Each structure stands twice: as structure tokens, then as C-alpha cells.
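Trainee: Need a 3D model of the sequence below.
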Amino acid sequence: MNRIHGILADVKLRRPSQKTVFFLCGATAIILFIAALLACITMFIYADRNSSDSRLLNRAVTETTSIAETLKAANGNMNAAGQLMNDHQLYDATDSTLTFYYDDDLRPAAQTNSPYRAVAEKSTVDFCYQYDITVQNSETGQEIYHLTFKTPVRGGGRQ
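Mentor: Numbers count the residues shown, from 1 in each chain. Purely as a prediction, here's the structure:
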């Protein structure tokens, strides 16, 4: 029994060697450096995603505003509104809907290569046209931006 106490007392009195202390300090420094590096990379990726989303939203707002102004000028004629949008050679128009197609950067594109689209829907309410314009992801249907507005019917009649 005394022998066990002697061994334990001998172990408690030993100090770690300089090599052990140096190794532990180095390992701790490396671990902290790696943790800081991972935190910086994570923050960079998060900021890049937010920046990309912000650019997409900004472009969607600009396109929606342009479509809204064109719809006002066309006084309810969806096909005429499509023709007034100079950048858009390809669009789909019916009496009540107008669809434009966009690429990854929300630039006008053909329908086959369009991950995004803007759909304008027209309805008539109290001598006014009400337009609902939605910019959305074509594949998932996820809405990026939506605008609703009314404009009076001009010319005394409905088209």
C-alpha cells in the first residue's frame, strides 16, 4: 500500500517537460488558427450568398417596375405591352396574362433557357385594370418579388 502511495506521490510531483508544454501550446495555437480560418470562410460564404440574393432581388424590382410602366402605357393590351418591351423578343401573351423569361442574372432569355420568369396577370375591377406581376423561379415556383397595382381604363371603353 505504501508503495502505491509512493508512486502516486511521485507522479503528482513531476512537472511536464518543456517539449510537452511546447507541443501543447503549438497544438492549441494550430487549433485556434483553424477555428478562426473556418469562421472567416463561413462568414465569407454567407456574405457572398446574401450579395447574390440582393443582386437578384434588385434586378427583379427593376424588371417589375419596367413591366408595370409598360402595362400602364399599353392600357390593358397585353400583346402591345409585350411588344413595347424592347429587350424581350420572346414572350407569351394572352388577353389576361403576359409572361417574360429570364436567365440566371434576370436578363431577357428564351423560354427554353429560362430559370426565372415574370408573369403579369390582368383583371378588371371598377373601371380599372388590376395587374399582379410576380417574378419567380421557373423550376421551383419560388416567388422573388411581387407587385400589385391598379390603373384606370382610358378611352372610355374596355379592351
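Trainee: give me the element the residue lying closest to Val125 once chain neighbours are set aside is part of.
Mentor: In space, and not counting its chain neighbours, Val125 is closest to Lys150: 6.9 Å by C-beta to C-beta, 6 or more residues apart in numbering. Every residue, glycine included, has its C-beta placed from N, CA and C. Secondary structure from DSSP states H and E places Lys150 in strand 143-152.
Trainee: I'd like to know which elements that strand is packed against.
Mentor: For strand 143-152, the elements it packs on are helix 18-74, strand 128-137, judged by 3 or more C-beta pairs under 8 Å, 6 or more residues apart in numbering; DSSP states H and E.
Trainee: need these in TSV with mean pLDDT and mean neighbour count, can you?
Mentor: TSV is the format used below for these (pLDDT from 0 to 100; neighbours: other C-beta atoms under 10 Å):
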stretch	mean pLDDT	mean neighbour count
helix 18-74	92	13
strand 128-137	93	18
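Trainee: so which of those gets nearest Asp103?
Mentor: helix 18-74 (10.7 Å; C-beta to C-beta).
Trainee: and that closest one with strand 143-152, angle?
Mentor: Here helix 18-74 runs at 20 degrees with respect to strand 143-152, directions being taken by axes from the mean of the first three to the mean of the last three C-alpha atoms, to 10 degrees.
Trainee: For the remainder of this discussion, apply numbering that starts at 15.
Mentor: Got it, first residue is 15 now, which makes that one helix 32-88.
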